[in-house]
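J.: need a structure here:
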Amino acid sequence: MADPGDWRLGGSATGLRSSWDAVAFSRVDDHTYIGSRMKAGKLVGIETLVLSPDGKTPTTSVTGDAPGGRQQVNSVAVYDKQ
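T.: Residues are numbered from 1 along each chain as shown. All right, here's what the predicted structure looks like:
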């Protein structure tokens, strides 16, 4: 993963990304990152990324506001590098 820090979305965001316009990542340890999703300077979600020790399996979990802020989103995704 690139160095942690503040990332801003460019262009026009659609779908779930329209619910946030910036994310700031912090490294917890060698395999874990926490991201704070922001919309217009307000915290709207938290993203956690955990890489397996071999670096082949990232797992992400996200909790926060859906677009429009009318409901909460909670999701977990596991990816496997082939």
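
J.: what residue ranges in this structure score low on pLDDT?
T.: 1-18, 67-69 (pLDDT under 70).

J.: now do 80
T.: For the chain, the stretches flagged by pLDDT under 80 are 1-20, 65-71, 81-82.

J.: Contacts only, for the spatially most central residue of it.
T.: By CA atoms, centre = their mean, the chain has its centre lying nearest to residue 47, at 3.8 Å. By CB atoms under 8 Å, 6 or more residues apart in numbering, residue 47 lies in contact with 23, 34-37, 60-62. All C-beta atoms are positioned from the backbone trio N, CA, C, and that covers glycine.

J.: In a helix, it, correct?
T.: No. Counting by DSSP: H, G, I helix; E, B strand; the rest coil, residue 47 is not found in a helix; it is strand.

J.: what's the first-to-last distance across stretch 43-57?
T.: 27 Å (CA to CA, to the nearest Å).
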